[in-house]
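[1] Give me a model of this one.
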Amino acid sequence: MVVKWLYGGCIFVVGMGIGEISLERSHRRFPLGEVWQLSHQMVLDIYKMISSFSSEEKYSLCDQIKRAAISIPNNIVEGHSKNSKKDFIRYLYISRGSLEELRYLLFLSSDLKFIPENEYLEYEKRLTIISVKLNNLIHSLKS
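    Predicted coordinates for the structure are as follows:
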């Protein structure tokens, strides 16, 4: 099964069950890779997780968490749409900054007892994996 959707003037194609994610533009396909896939899944899971936050936090800390989480895959996609490798790398650095912002906000949420310690540690592991893959992508584009 293949799912297609439009985002920012680009068509995304996801081959269900085979983990294929690519961006079609001008009849060419550009793989966005696992770093986008993992960060996109993180956004989906973050939305589920913050639904358990108290109503007083829904409009402050929750909004900041959502913005930071969304910014990670969003900047990968936006950078990939640019016309130069230099611009793509710049957006990947922005994505990395958003990842670190999200890391702190989840740490804060754990300290404030909004999320259980074990759940925070699981997110921390996932953020570390995404961070390593993002750094590897940056380094591969620089060489």
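[2] Using CSV, write out the CA atom coordinates for the helix or strand containing residue 36.
    If you go by DSSP states H and E, residue 36 is part of helix 33-50. The C-alpha coordinates for helix 33-50 follow below in CSV (Å, rounded to 0.1, in the frame of the first residue of the first chain):
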residue,chain,number,x,y,z
GLY,A,33,15.5,8.6,5.5
GLU,A,34,15.2,7.2,8.9
VAL,A,35,15.9,10.4,10.8
TRP,A,36,12.8,12.0,9.4
GLN,A,37,10.7,8.9,10.0
LEU,A,38,11.8,8.6,13.6
SER,A,39,11.3,12.3,14.3
HIS,A,40,7.9,12.2,12.7
GLN,A,41,6.9,9.3,14.9
MET,A,42,8.2,11.2,17.9
VAL,A,43,5.8,14.1,17.1
LEU,A,44,2.8,11.6,17.0
ASP,A,45,3.8,10.1,20.3
ILE,A,46,4.4,13.5,21.9
TYR,A,47,0.9,14.5,21.0
LYS,A,48,-0.5,11.4,22.7
MET,A,49,1.7,11.9,25.8
ILE,A,50,0.8,15.6,26.4
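[3] what comes up buried for the very next helix or strand once past that helix?
    Remark: after helix 33-50, the chain's next helix or strand is helix 61-80, criterion DSSP H and E. For helix 61-80, burial by neighbour count (16 or more other Cβ atoms under 10 Å) applies to 61-62, 65-66, 68-80. In short, each C-beta sits where N, CA and C put it, glycine included.
[4] what bits of this structure have low per-residue confidence?
    Low-confidence segments of the chain, defined by pLDDT under 70: 1-32, 58.
[5] Mind doing that once more with 50?
    Along the chain, segments meeting pLDDT under 50 span 1-12, 14-21, 25-30.
[6] From residue 72, how far off is residue 37?
    In this view, residue 37 and residue 72 are 12 Å apart by Cβ to Cβ, to the nearest Å.
[7] Likewise for residue 109?
    In terms of Cβ to Cβ, residue 109 sits 17 Å off from residue 72.
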